[in-house]
Every structure is written in C-alpha cells, then in structure tokens.
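In: fold the following, please.
(one chain, ligands or ions: 1)
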Amino acid sequence: MQLSIIGSGHVGLVSGLCFAEKGHTVLCVDHDAAKIKKLKAGKVTFHEPHMQELLTKHIAAKTISFSTDTKDAVDFGAAIFVCVSTPSMPDGNVDMRYFEAVSRDIAEHISEYRVIVEKSTVPIKTSSHMRANIERYLTREVDFDVASNPEFLREGQAIDDTLNPDRIVCGVTSHKAARVMQEVYAPFTAPLLMTTIQSAELIKLASNAFLATRLSFINAISRICELGGANIQEVAEGMGLDKRIGKHFLSAGIGYGGSCFPKDVSGMYHVSKALGYDFELLGEVQRVNEDQWQHFLARLEDTLWVLNGKTIALWGLAFKPDTDDIREAPALKIANALIAKGAKVVGYDPAANENAKGEVPDIHTVESALEACKDADALMICTEWSEFADVDLAEVKSALRVPVIFDGRNQLDPDTVKAAGFHSVSVGR
Ligand code: UGA
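Out: Coordinates of the predicted model:
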C-alpha cells in the first residue's frame, strides 16, 4: 500500500520507517528542506535506537522516499498521516497552526479519495475542524475522510513500540475509511480498536494524562517516604504487585519531561476547561511534577550550604535515557537554577550534549561521565542512562573534590554508594 507522511519528526519519521518495515511503500514530507536533504542522504535527524538501520535499509529498497512538497504527499498515499507538531502556547493551550496549514495544503491538491489521518496528539474535536477547513478550501469536488490514529510510541523505544504496539486505535466516520485503516494495519498483530474520532482523540490525551498522574502520584508518595522513613522502591514494589495497579511506570524521580507529558497534561486541562469541565486534578499533577526537581535541588543546597562558586557535575541531560531530546528535561531546569545561583555546571550526556548546549549556553559539556566529575563538589544523576550504572565508584570518588552523590533517578544502590564512602542522597529512600 502507498502511504504518505506529512511532518517527518519523531512521530512521522518513525511511523514512516515502521510502515515500510511492515511492507508498505512510504513517502515522507517535511517543509524543512535541510531535514529532507539529510534524510535523502540516508542520515537520521535525531537519536533513536535502530532508526539508522531502518533508514539505510528502506532507502536502498526504495520503500521510503522524501520530499518537501505537500502536493507529492497528497498525490502519493491512499492514507495521508499528518504528524506535524502541535506545540503548547504560552497560556497552555495547543497551537494548531501547523495542522490548519496542512489541511489547507491538502484541500488545494487533493484530486481523488484520500483518508487524512491525524497522528499527532491533538485536542478533541480537531477532526471536525480539519474536515470543515478542507471543505472550505477545496477547489474541486472530491470525496475524502478524516480519521484519527493516535501514536503511543515512547522516545528511546520508538521503533519497537511502533512495530509491536500494545494496541492500535483508529477513529473513523465511514466504512470506506475503516477499510483503508484495516489495510494499513493488516501486517500488525496488535488488537485494533475502531472508535469514533472523538474517542480516538481522547484515548491518546487521556492515556498520557493518566500516566503523568501516576508519576506525580508516586513522586508525591516518595515525599511521604522521605518524611516518614519509608523506602519508595519497596512501596512501589508492594503497590505494583496488585494486578490492578501493575508495576510499570512507578519509578519516582525528579519528575517527567519530554515533548509529550508536559504539553498533553496542560493541553488536556485547557481542552477540558473549554468544554466546560474544570480538571483541577491535572493542575495538581503539574504542580507536583515541578516541585519534584525543585525539592531535590533544595536538598542539594541544604547539603552544600552555599551553591555560589561550587562546581556541580550533572550526568544525563536528555529528558530520559536513549534519546537526545532535551525538551522539558528536568536536568536542564536544574542546570539553569544552579547557574542562576552562581554554580558552575559540568554536564555529560551520551547523546544530548550538543542539544543541551544549544538550550543552556552556560553549561560546560564534556565527553565522559568521569570527566564531568573532575573537581566537582557534588554529582547529580538526572537521567538514568545505563552506562552510569557501570561507572567505577572508586574512580568517581577520586575525581570529585568531595564525595557527594545526588541520585535523582534512584539508579544506584544507596548501600553500595554509601559503602564506597559517599554522602548519598536519592529520591524517597
Ligand atoms: C510518552 C508516552 O509514554 C507514550 O505512550 C506517548 O506516545 C508519548 O508520550 C507521546 O505522547 O508521544 P515519552 O514522552 O517518549 O512517551 O516518554 P516516557 O517513557 O513515557 O517518559 C516520560 C517521562 O516520564 C520521562 O521524563 C521519564 O523519565 C519519566 N518517567 C517515566 C518517570 O519519571 N518514571 C517512570 O516510572 C517512567
């Protein structure tokens, strides 16, 4: 089947490559000419495990190609997946300008039946705006459908999540569109849930809001652990053994980041308000999340007494491991706050150094975890890249000026850290 992708970022490019891997032929479009040039040359545009292999393989097999022209996408695919970004506006609402522009482009070029599929995370009712906008700008009489097919991939595991999803959700309004979506997903083994478009849109937002709520809940419990002398890992394990709760997504830390949870929790809050429901719970989820890194930083300040003039080593700058994505990364919020307090911040991330430097110009970045520790007054672990677990603690101790470790992701075993001679602080333990 021929499929088009409009917007070749984290969702679009991964989806395109995975559709090609499942046997479809894919055209990926993006208005960013530099990005398309790089992709045409066979080079990935961001860090994601296994993506380079798939790109090389499918360019060679001619099962994926690239263009900057939306018309090409409209001509090529029986289904056109819209994967452009939906950023937050300063007031927390979702900025739909890219979706609106794409729907006008589609209206201009569409000449035969197409299913136009929202794949980016969008507010409920986006499909009706899309449909109305396309109809408004159509220059000829053409039949088309709008569908919603939200993406549930996690960065860092995006390829595996997309090839082997837990579920596939398709919101459709006609049998014709349902048949097209069934054909798209025929090579996948996951359960396919056909719903109304509004339900599909809400399934995505509600899932992210629920997961973020779960994280703020366990982070709040970690604070009770600190105050009451319990251990959050034991508590999470005990809770997670209840099948209704489950063990996943219960790791306390310095809070969630990324391009999705912060935006979607805020988006869901605002969309609910616009629909007439005050979703106060989500306001609290955001407050707990911000408080989590601020509290951890306050504990560092409490330990070191004065931060001005101190050097702090930060391990992990990406919002989570296995990605170079630094959007809303708690590490960078901590870096900015440390710098504002007069500390020197030396950061190391296996993939995100360059992006971090672009966002926080005053951060010093180095090429290894040990180098970051050199003469630092404390080490903070902000992102749990697996390589940090293998670093020799004796070497870390001799590199640091004083042996202080603040483990913001509970990556290291606190007893081992203490036994190696460190002052050890972690989250909720
Ligand atoms: C999230 C969802 O998990 C995906 O299902 C969804 O498709 C995606 O958003 C999206 O909307 O596009 P992602 O942001 O890539 O995926 O990352 P997650 O693995 O969900 O992690 C989000 C944040 O939560 C990270 O900062 C991570 O460090 C934090 N986290 C995660 C915890 O603090 N504790 C945990 O137990 C799990």
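In: show me where the stretch 301-429 of the chain has strands.
Out: Counting by DSSP state E, counting those that start in this stretch, the stretch 301-429 of the chain has strands at residues 311-315, 344-348, 364-365, 378-381, 404-407, 423-426.
In: for the stretch 1-150 of the chain, same thing?
Out: With DSSP E, counting those that start in this stretch as the criterion, the stretch 1-150 of the chain has strands at 2-6, 25-29, 64-67, 79-82, 114-118, 144-148.
In: ok so, going back, want to throw the strands of the stretch 301-429 of the chain into CSV with mean neighbour count?
Out: Where you see a C-beta, it was placed from the backbone N, CA and C, and this is true even at glycine. Formatted as CSV, the strands of the stretch 301-429 of the chain follow (neighbours: other C-beta atoms under 10 Å):
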stretch, mean neighbour count
strand 311-315, 26
strand 344-348, 23
strand 364-365, 17
strand 378-381, 26
strand 404-407, 24
strand 423-426, 20
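In: measure the nearest residue to Gly283 once chain neighbours are set aside to Pro87 for me?
Out: Among residues not flanking Gly283 along the chain, Tyr269 sits closest, at 6.2 Å (C-beta to C-beta, 6 or more residues apart in numbering). Distance, Tyr269 to Pro87, by C-beta to C-beta, to the nearest Å: 16 Å.
In: out of those two, which sits in the more crowded spot?
Out: Tyr269 (22 against 13; other C-beta atoms under 10 Å).
In: could you give the mean pLDDT of the helix or strand that contains that one?
Out: Secondary structure from DSSP states H and E places Tyr269 in helix 261-275. In this model, helix 261-275 has a mean pLDDT of 92.
In: which residues sit against it?
Out: With contact meaning C-beta atoms under 8 Å, 6 or more residues apart in numbering, helix 261-275 is reached by 86-88, 91-94, 121, 123-124, 204-206, 208-209, 211-212, 215, 256, 278-279, 282-283, 285-286, 289, 328.
In: buried residues in that helix, which are they?
Out: Phe261, Pro262, Lys263, Asp264, Val265, Ser266, Gly267, Met268, Tyr269, His270, Val271, Ser272 (16 or more other C-beta atoms under 10 Å).
In: ok, now stretch 150-170?
Out: For stretch 150-170, the neighbour count (16+ other C-beta under 10 Å) marks 150-153, 155-159, 161-163, 165, 168-170 as buried.
In: repeat for stretch 85-101
Out: Using 16+ other C-beta under 10 Å as the test for burial, stretch 85-101 gives Ser85, Thr86, Ser88, Gly92, Asn93, Val94, Met96, Tyr98, Phe99.
In: is any residue of it near the ligand?
Out: No: against the ligand, stretch 85-101 shows no contacts by C-beta under 6 Å from any ligand atom, the least distance being 10.3 Å.
In: so how many other residues sit close to Gly229?
Out: Residues near Gly229, counting by other C-beta under 10 Å: 7.
In: which positions in the stretch 201-350 of the chain make contact with the ligand?
Out: Applying C-beta under 6 Å from any ligand atom, one finds that the stretch 201-350 of the chain approaches the ligand through 208, 211, 215, 249-251, 253, 256-258, 260-261, 264, 319-320.
In: could you redo the last one with a cut-off of 5 Å?
Out: Taking C-beta under 5 Å from any ligand atom as the contact definition, the stretch 201-350 of the chain meets the ligand at Phe249, Ser251, Gly253, Tyr256, Gly257, Gly258, Cys260, Phe319, Lys320.
In: need the buried residues of helix 261-275 in TSV (columns: distance to Ala389).
Out: Listed next are the buried residues of helix 261-275 as TSV, based on distance: C-beta to C-beta, whole Å:
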residue	distance to Ala389
Phe261	24
Pro262	27
Lys263	30
Asp264	30
Val265	30
Ser266	33
Gly267	35
Met268	34
Tyr269	36
His270	39
Val271	40
Ser272	40
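In: can you give me the helices for the stretch 251-400 of the chain?
Out: Residue ranges of the helices in the stretch 251-400 of the chain, as given by DSSP state H, counting those that start in this stretch, are 261-275, 280-304, 330-340, 353-359, 369-373, 386-389, 393-399.
In: list the buried ones in the second one?
Out: Neighbour-count burial for helix 280-304 flags 282, 285-286, 288-289, 291-293, 295-297, 299-301, 304 (criterion: 16+ other C-beta under 10 Å).
In: repeat that for stretch 60-78.
Out: Buried, per 16+ other C-beta under 10 Å, within stretch 60-78: 63-68, 70, 72-78.
In: for the record, mean pLDDT for that stretch?
Out: Rounded mean pLDDT across stretch 60-78 is 98.
In: before we move on, the earlier item: which one of the strands of the stretch 301-429 of the chain lies closest to Leu241?
Out: For those, proximity to Leu241 was assessed by C-beta to C-beta; strand 423-426 is nearest, at 22.1 Å.
In: hang on, the earlier thing: reformat the strands of the stretch 301-429 of the chain as a markdown table; add mean pLDDT.
Out: Listed next are those as a markdown table, based on pLDDT from 0 to 100:
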| stretch | mean pLDDT |
| --- | --- |
| strand 311-315 | 98 |
| strand 344-348 | 98 |
| strand 364-365 | 98 |
| strand 378-381 | 98 |
| strand 404-407 | 98 |
| strand 423-426 | 97 |
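In: out of those strands, which is closest to Thr195?
Out: The closest of the strands of the stretch 301-429 of the chain to Thr195 is strand 378-381. By C-beta to C-beta, the value is 41.0 Å.
In: can I get that closest one in CSV, CA atoms only?
Out: In CSV, the C-alpha atoms belonging to strand 378-381 read as follows (Å, rounded to 0.1, in the frame of the first residue of the first chain):
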residue,chain,number,x,y,z
ALA,A,378,28.8,17.0,44.0
LEU,A,379,27.5,14.7,41.3
MET,A,380,23.8,14.8,40.4
ILE,A,381,22.3,12.0,38.3
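In: chain center to that strand, what's the gap?
Out: Strand 378-381 has its C-alpha centroid displaced from the chain centroid by 24 Å (C-alpha atoms, centre = their mean, to the nearest Å).
In: can you tell me how far Leu13 is from Tyr256?
Out: 23 Å.
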